[in-house]
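In: dropping a prediction and its sequence here:
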Amino acid sequence: TSAPALPGSAAEWPLPTAAVGRGHFHLDEWAHDPAIWGWAHAQRPDQLAVRFADLFTVGRDECWLLITNRRLALIVEGEVAIPEEPASGGLLGRVRSLAQTRDVPPLVTWWEGPVATARAFTPAPLGRHVTPEWFLRLQFTDGSAFDLRDDQAEQTVRTVHANL
């Protein structure tokens, strides 16, 4: 399935540096690029890390990873996930559309599966500086892995393990 489309301009988000965009980096130097918030490690495009990267890219900062003792999910706010219907023409139509309330769920699930889909949650200190860039690494049972930027990755992993 394809990733859902959200309204908004791509120009709102910084692009990766030219070096990262062209693949001119050594090992995990990409982690120092502030525009990079996640990284998929996969052998094939059908692996779960690629799906996570696609959904997080579409959802931007409106997409969240939820981890419970049973489920792993990517969710987004309903207002963002469900596009507004265009107002009918004219001033009266625009006023009517403002007065109508939308029946939108507070959260929409874009992906979910058993928590066992991720075989490991680990803090990943990446980059080549003395002070690392921290990422939460999800290692999936299909052999792929997804790194999500998280300055508190060590605490996140402790919290996940304490609640599984």
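Out: In hand now; what should we look at?
In: quick one: mean pLDDT for stretch 54-74?
Out: The average pLDDT within stretch 54-74 is 89.
In: just the helices in the protein please.
Out: Under the criterion DSSP state H, the chain contains helices at 18-21, 48-59, 78-81, 90-99, 153-163.
In: closest to residue 115 out of those?
Out: Residue 115 sits nearest to helix 153-163 of all the helices of the chain, at 9.2 Å, using C-beta to C-beta. C-beta: built from backbone N, CA, C; applies to glycine.
In: follow-up on the earlier one: of all the helices of the chain, which lies closest to residue 138?
Out: Here helix 48-59 is closest among those (C-beta to C-beta), at 7.3 Å.
In: re the thing from before, could you dump the helices of the chain into JSON lines and include distance to residue 31?
Out: Shown next, in JSON lines, are those (distance: least, C-beta to C-beta, whole Å):
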{"stretch": "helix 18-21", "distance to residue 31": "10"}
{"stretch": "helix 48-59", "distance to residue 31": "15"}
{"stretch": "helix 78-81", "distance to residue 31": "27"}
{"stretch": "helix 90-99", "distance to residue 31": "44"}
{"stretch": "helix 153-163", "distance to residue 31": "12"}
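In: what's the closest of those to residue 28?
Out: Closest to residue 28 of the helices of the chain is helix 18-21 (C-beta to C-beta; 11.1 Å).
In: need the contact partners of that closest one.
Out: 15, 24-25, 30, 33, 35-36 (C-beta atoms under 8 Å, 6 or more residues apart in numbering).
In: one more: stretch 139-157?
Out: Contacts to stretch 139-157, defined as C-beta under 8 Å, 6+ apart, come from residues 36-43, 47-50, 52-53, 56, 65, 116-124, 126, 133-138.
In: just those: which are in strands?
Out: Counted as lying in strands by DSSP state E, out of the contacts of stretch 139-157, are 38-41, 65, 118-124, 126, 133-138.
In: about what we covered before: so which of the helices of the chain is the most surrounded?
Out: helix 48-59 (a mean of 20; mean count of other C-beta atoms under 10 Å).
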